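S.K.: sequence first, predicted model second:
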Amino acid sequence: MGHRLVGAAFDNWAPYLTNAQARVQVFMAHRALDTTGDRGEPARIYFGGHAAIAKACGYTKPNVEPTPQSLRSVGKVIGELIARGAIERIRDSRYGNNAVYRLRADPWDSG
């Protein structure tokens, strides 16, 4: 998983983000790959969905499905991260498919 991305999130982004933004970004970094995977999976891509973020970052109680409000809260934080340039949306969600995001390793990373 993305242990280098997690380090980059703490070192390069966390000082500039709110606590909620940093938690979400670190979770996404933890789930993304640092480098291209063995089967060609791209690096720095998160596609795990908002429900996984809501559960991991405390927007919902453990072992309970996220509520619409908790998913909206995650969506708000994701929007803030996009506005700050910490992540970019590669693909919008659609029925049966989560949105896909690319994480920026640092604020000066252009790719």
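M.R.: Perfect, thanks for sending it.

S.K.: which helices and strands sit right next to the helix or strand where M28 lies?
M.R.: Here M28, judged by DSSP states H and E, is contained in helix 19-31. On a contact count with 3 or more C-beta pairs under 8 Å, 6 or more residues apart in numbering; DSSP states H and E, helix 19-31 meets helix 3-8, strand 45-46, helix 50-56, helix 68-84, strand 100-103. All C-beta atoms are positioned from the backbone trio N, CA, C, and that covers glycine.

S.K.: okay, the angle between it and helix 68-84?
M.R.: Relative orientation of helix 19-31 versus helix 68-84 (axes from the mean of the first three to the mean of the last three C-alpha atoms, to 10 degrees): 90 degrees.

S.K.: got a list of contacts for helix 19-31?
M.R.: The contact list for helix 19-31 (C-beta atoms under 8 Å, 6 or more residues apart in numbering) reads 1-3, 5-6, 8-10, 13-14, 17, 46, 48, 52-53, 56-58, 74, 77-78, 80-81, 84, 86-87, 101, 103.

S.K.: mind checking how far the residue nearest the centre of the chain is from Y95?
M.R.: The centroid of the chain falls nearest to M28 when counting by C-alpha atoms, centre = their mean (3.2 Å). M28 is 22 Å from Y95, where distance means C-beta to C-beta, to the nearest Å.

S.K.: for A52, same thing?
M.R.: Taken as C-beta to C-beta, the span from A52 to Y95 is 18 Å.

S.K.: check P15 too.
M.R.: To Y95, P15 is 38 Å away according to C-beta to C-beta.
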